[in-house]
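1. structure for the following, please:
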Amino acid sequence: MRIISGIYKNKEILTPGTTKTHPMGSREKLALFNMIMPFLPSKTVLDAFSGSGALGLEALSRGASNVVFIDSDSKSCEIIKKNLKNLGENAENNAKVYKLPVKKLENPENSRKIPKVDIIFADPPYDNFDLEEVKILLNFLKKGGIFVLSSPKPVEIEGLTLLKSRKYAGCYISIFVI
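-> Predicted structure coming up:
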């Protein structure tokens with residue numbers, strides 16, 4: 001896997017190499033970033049269920065000011081930190097990695113660690129897709145923010161307006177605004 005565009009274009013992305021993650025394909029990632037690119041520069045991004053961190057790393061490469069990565073798997077968090085290190089000091093300084101299940105963000109002690117952000121990428125595991133867990137992330141989205149969800153089926157989320165939804169192979173990529 002590689003970063004598609006931006007200042008880190010063609011840099012390799014290490015992956016955890018486990019069956020717990022399902023990296024977004026290049027075609028899907030390209031389509032997603034083409035849809036949100038006008039909103040991305042200088043924004044703060046949260047990459048939830050981040051796996052290798054590919055979406056957050058792509059966002060950094062394309063001009064996001066800061067990225068917060070959240071994943072419950074230790075190996076994934078280690079890989080994200082290695083990927084940031086491979087991109088250099090600027091990427092490391094503009095990112096935070098938290099080993100934390102999204103469900104635990106309901107706990108105020110955990111939620112205080114996470115800032116309000118402009119854009120959220122949520123790419124949860126498809127084998128145990130839980131929309132209620134995904135909705136917890138909305139507490140961290142600024143008014144007017146963009147919520148990007150990769151899901152195994154089309155979904156509606158109360159309180160969000162669907163801007164676009166596209167089907168790619170076995171997934172749907174939906175872009176909402178709050």
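2. residues in contact with Lys113?
-> Lys113 makes contact with Tyr98, Leu100, according to CB atoms under 8 Å, 6 or more residues apart in numbering. (Glycine included, C-beta is placed from N, CA and C.)
3. what about 7 Å?
-> By CB atoms under 7 Å, 6 or more residues apart in numbering, Lys113 lies in contact with Tyr98.
4. where does it fall, phi/psi-wise?
-> For Lys113, the backbone dihedrals (degrees, to the nearest 10) come out as phi -70, psi -30.
5. and for Ile13?
-> Dihedral pair for Ile13: phi -110, psi 120, per degrees, to the nearest 10.
6. measure it to Ser72 for me?
-> Ile13 sits 19 Å away from Ser72 when distances are taken as CB to CB, to the nearest Å.
7. so the residue positioned nearest the centre of the chain is in which element?
-> Note on the chain: the residue nearest the mean C-alpha position is Asp47, at 2.6 Å, using CA atoms, centre = their mean. Element membership of Asp47, judged by DSSP states H and E, is strand 44-48.
8. what's the helix or strand following that strand packed up against?
-> Next in sequence after strand 44-48, counting helices and strands by DSSP H and E, comes helix 54-61. Applying 3 or more CB pairs under 7 Å, 6 or more residues apart in numbering; DSSP states H and E, one finds that helix 54-61 makes contact with helix 26-36, strand 44-48, strand 66-71.
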